[in-house]
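Visitor: build me a structure from this.
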Amino acid sequence: MVSPLVRASSYFRKLSRSIFQKYMATCENLCRYFGHCFGPQFHYLWASIPVVLFAYGYVSGMAMQFFPDLLTVLFLVAFPFVVVVHWILHGSFHRFGIPSVFSMVNRINHMYKNGTLLQGRPIAEYDQLLKDLTKLPILRMTTSLLDVAVFLIPAASYEIAVRGFGNLFAYLQAIAASIPHLMFFSYFTADLHFFRSRSEVRRKIYHLGGSPGHYYVFSLRRKLIIILLLTALSGYLLISLMAQKNIAEGHILQNVLFYAIVAFFNFALLMAMFLYNIYQSIYSLEKMSQSLRAGRQSETFTGTADKELARLSDGLFSAAERLLRQNRMLEIMVERRTRELKEANERLKQQQEILELELSMASEIQQLMNAEIPRKVGDYELYFYAMPSSKVSGDVCGVVETSEKIYLFLGDVSGHGVPAALVSMIAKQVFQSAVQDNPPLSLLCHRINHLLLKEMKTSAYMTAFFLALSRSADVEYCNAGHTRALCVRKDNTVEFLDTPGLLLGAMELNEEIFAPGKLTLCKGDVLFVYSDGISECENPEKEFFGEERLSYFLLKSRHLPPEDFAQSIMEELRLFRGNQPFADDISFLLVKPQA
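Guide: From the prediction side, this is the model:
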């Protein structure tokens, strides 16, 4: 259940908001007709009524009686005259060809048409307008001194003519007390009215690419001190009233109470305008910070003319503008870098496509070269198989038949991919040129090592296993740092073939380092030379396939046709590998005697 107090409070807020909105709408309509400077006059004329009542309350309190005829003179004669004077001074008749006596007012009215800021003017004119809108409340404050002459002095003259000089001192005190009230009511109403106009002009200057000027009048501290001094003055006058004799009499007490109420209302009105001005500034700063938090330039510009709030707003706006400018520069830089990266990526993609095409061609060429390995040489059946871990392989096989022997080798170049494949091509050419004079394998290894060092200027090296097959099934072999070869006899025994030797292409080596071995092959035997991509193939548990598993596989599969044998051993390796890609090139060479 909502309490009656809450309902009443909500109703009062809605009613106050509705009255204020209708009042401001009326003021804006009047400004469209009478000029942009009419608004402060409209507010001031209403705000001056409490000041007149303040002066009247003090005089009646000092005189210990009310003067209805004096109020009649004030509001029926002096008040309309004051209105006309203000309209003339501040250009409210400019539509009828009567300009203001102040050039500042005329400049402001010429920058507005029907209450709307004119567009398409130079930045300098908008900056001058901002300056005029900031300084105009001071002009309003100084011209309010005229109200004392136009408003209070005629009233005092009427009083002297009717009732003599008995209350003259009270009138002089009332005039002295009313002057600062009128001045600052005039300043506050004009300052509040032009808050939104200054904000609009600041935004216009910024959108035109300019920097709004830093114009301000009073500081908040000075405003507050003035309000407190006016309050102290009202309190002093109230004390002087209460210090009179016969204060306890009813009609005298009513006069003092009337003055106290009017003085308190003036204080409350001044403080309300002071606080509302601060609220407007804080609200605009809040809007500005929300825009900054959202990462966009604020469309809200403060219209305050207070020194502290103006500096705070300008500092925040400058920081926000600098931050957003840096953010925009960063966005532009990121966009440029992104575009450059995209273009570079496109170029890399094109180069990658070209490289893939070239690698595919190289792979085809390598496969064609491997296909050139003869399937039968003399009384021996040969079969070479190679599967690269990438497009091309660093494993190489060479077969050269001379007048006396058949030379074979299976090499494994360090590394993978294109560099290893290029070195393997060099190694094959070196091998083919080195065997032409039927050298022993130890000399052949020495020659190839020397030629590789001469031809290659890189850190690449090669391991190799060499065979020299004679017409009589005698086989000479030599291992240059390669995996051991296997010989599976027809009686299901397995021999591991190995000799002392070092890898090729890494350093100069003497011929004596390589010591060939010999064996005799019979029909039904199988000689298996392979690269370490088979024996060192790892499963998910990091175990090698190893020579033992390989020996077992050879014993059970050596009778298969070469193509079926190759397919079977690859299936065995994939099963062991766990269907993971192979980490190294795989190759092997089968040699079967036919006689």
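Visitor: in the helix or strand hosting Phe576, what counts as buried?
Guide: Applying DSSP states H and E as the criterion places Phe576 in helix 562-577. Buried residues in helix 562-577, counting neighbours by 16 or more other CB atoms under 10 Å, are found at Phe565, Ala566, Ile569, Glu572, Leu573, Phe576, Arg577. C-beta: built from backbone N, CA, C; applies to glycine.
Visitor: any idea how far Ala170 is from Ala176?
Guide: Ala170 sits 11 Å away from Ala176 when distances are taken as CB to CB, to the nearest Å.
Visitor: residue ranges for the strands of the stretch 451-595 of the chain, please.
Guide: Counting by DSSP state E, counting those that start in this stretch, residue ranges of the strands within the stretch 451-595 of the chain are 462-469, 474-480, 485-488, 494-497, 517-520, 526-530, 586-593.
Visitor: how about those strands, which one is nearest Ser197?
Guide: Ser197 sits nearest to strand 586-593 of all the strands of the stretch 451-595 of the chain, at 85.3 Å, using CB to CB.
Visitor: list the strands paired with the closest one, with their directions.
Guide: If you go by DSSP bridges, strand 586-593 pairs up with strand 380-387 (antiparallel), strand 526-530 (antiparallel).
Visitor: what is the orientation angle of that strand with strand 474-480?
Guide: Taking axes from the mean of the first three to the mean of the last three CA atoms, to 10 degrees, strand 586-593 and strand 474-480 form an angle of 160 degrees between their directions.
Visitor: dump the C-alpha coordinates for strand 586-593 into PDB.
Guide: Extracted as PDB, the C-alpha positions of strand 586-593 are listed here (Å, rounded to 0.1, in the frame of the first residue of the first chain):
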ATOM      1  CA  ILE A 586      59.800 -43.400 -45.400                       C
ATOM      2  CA  SER A 587      61.700 -45.300 -48.000                       C
ATOM      3  CA  PHE A 588      63.000 -48.800 -48.600                       C
ATOM      4  CA  LEU A 589      64.700 -50.900 -51.300                       C
ATOM      5  CA  LEU A 590      64.000 -54.600 -51.900                       C
ATOM      6  CA  VAL A 591      66.700 -56.700 -53.600                       C
ATOM      7  CA  LYS A 592      65.800 -60.300 -54.600                       C
ATOM      8  CA  PRO A 593      68.200 -62.600 -56.600                       C
END
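Visitor: how far away from the center of its chain is that strand?
Guide: Taking CA atoms, centre = their mean, to the nearest Å, the mean C-alpha location of strand 586-593 is offset from the chain mean by 63 Å.
Visitor: what's in contact with it?
Guide: 379-387, 389, 393, 395, 397, 408, 410, 412, 467, 469, 473, 521-523, 525-531, 533-534, 537, 562, 565-566, 569-570, 573 (CB atoms under 8 Å, 6 or more residues apart in numbering).
Visitor: quick check: angle from that strand to helix 562-577?
Guide: Using the same axes, to 10 degrees: strand 586-593 against helix 562-577 is 140 degrees.
Visitor: longest single helix anywhere in the protein?
Guide: If you go by DSSP state H, the chain has its longest helix at helix 307-371.
Visitor: so for the protein, the centremost residue is which one?
Guide: When CA atoms, centre = their mean is applied to the chain, the residue found nearest the centroid is Asn327 (6.7 Å).
Visitor: counting by contacts, list what whichever strand or helix holds Ile225 packs against.
Guide: For Ile225, the element it lies in under DSSP H and E is helix 220-242. Packing partners of helix 220-242 (3 or more CB pairs under 8 Å, 6 or more residues apart in numbering; DSSP states H and E): helix 38-63, helix 168-193, helix 250-293, helix 307-371.
Visitor: give me that answer again for 6 Å
Guide: For helix 220-242, the contact count by 3 or more CB pairs under 6 Å, 6 or more residues apart in numbering; DSSP states H and E identifies helix 168-193, helix 250-293 as packing neighbours.
Visitor: just name the most buried of these.
Guide: A comparison of those by mean neighbour count, using mean count of other CB atoms under 10 Å, puts helix 168-193 on top with a mean of 21.
Visitor: what's the angle between that one and helix 38-63?
Guide: Going by the same axes, to 10 degrees, helix 168-193 makes 160 degrees with helix 38-63.
Visitor: show the pLDDT at Ser144.
Guide: As summarised for this prediction, Ser144 has a pLDDT of 76.
Visitor: and it, how many neighbours?
Guide: Around Ser144 sit 26 other residues, with neighbours defined as other CB atoms under 10 Å.
Visitor: for Ser390, pull up the helix or strand it's in.
Guide: Per DSSP H and E, Ser390 falls between elements, in no helix or strand.
Visitor: tell me the contacts of it?
Guide: Taking CB atoms under 6 Å, 6 or more residues apart in numbering as the criterion, Ser390 is in contact with His416, Gly417.
Visitor: do you know how far it is from Ala427?
Guide: Using CB to CB, Ser390 is found at 18 Å from Ala427.
Visitor: now do stretch 361-380: everything it contacts.
Guide: When contacts are defined by CB under 6 Å, 6+ apart, stretch 361-380 is touched by residues 382, 384, 386, 391-392, 397, 399, 401, 406, 469, 591, 593-595.
Visitor: first-to-last residue distance for it?
Guide: Across its full length, stretch 361-380 reaches 32 Å between end residues, using CA to CA, to the nearest Å.
Visitor: swap in stretch 209-224?
Guide: This stretch, stretch 209-224, spans 36 Å end to end (CA to CA).
Visitor: count of residues packed around Phe317?
Guide: Other residues within reach of Phe317, judged by other CB under 10 Å, total 23.
Visitor: quick check: closest non-adjacent residue to it.
Guide: Excluding its sequence neighbours, the residue lying closest to Phe317 (CB to CB, 6 or more residues apart in numbering) is Met288, at 6.5 Å.
Visitor: repeat for Leu519
Guide: For Leu519, ignoring the flanking residues on the chain, the nearest one in space by CB to CB, 6+ apart is Val475 at 5.3 Å.
Visitor: ok, how many other residues are close to that neighbour?
Guide: A total of 24 residues lie near Val475 under the criterion other CB under 10 Å.
Visitor: I'd like the buried residues of helix 562-577 laid out as TSV, including pLDDT.
Guide: What follows is the buried residues of helix 562-577, written out as TSV (pLDDT from 0 to 100):
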residue	pLDDT
Phe565	93
Ala566	92
Ile569	93
Glu572	91
Leu573	91
Phe576	90
Arg577	88
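Visitor: Gly120: which of those residues is nearest?
Guide: Nearest to Gly120 out of the buried residues of helix 562-577 is Arg577 (CB to CB; 78.6 Å).
Visitor: which residues does the closest one contact?
Guide: Applying CB under 6 Å, 6+ apart, we find Arg577 in contact with Cys537.
Visitor: look up how far Pro516 lies from the residue nearest to Leu519.
Guide: Note on Val475: its distance to Pro516, by CB to CB, is 10 Å.
Visitor: the residue nearest to Leu519 pairs with what?
Guide: With DSSP bridges as the criterion, Val475 is bridged to Leu469, Leu519.
Visitor: look up phi and psi at the residue nearest to Phe582 when sequence neighbours are not counted.
Guide: By the measure of CB to CB, 6+ apart, the closest residue to Phe582 outside its immediate chain neighbours is Ser389, 5.2 Å from it. In this entry, Ser389 is assigned phi and psi values of phi -80, psi -20 (degrees, to the nearest 10).
Visitor: what's around Ser389, how many residues?
Guide: Residue crowding around Ser389 was assessed by other CB under 10 Å; the count is 18.
Visitor: so what's it up against?
Guide: Ser389 is in contact with His416, Phe582, Asp584, Asp585, counting by CB under 6 Å, 6+ apart.
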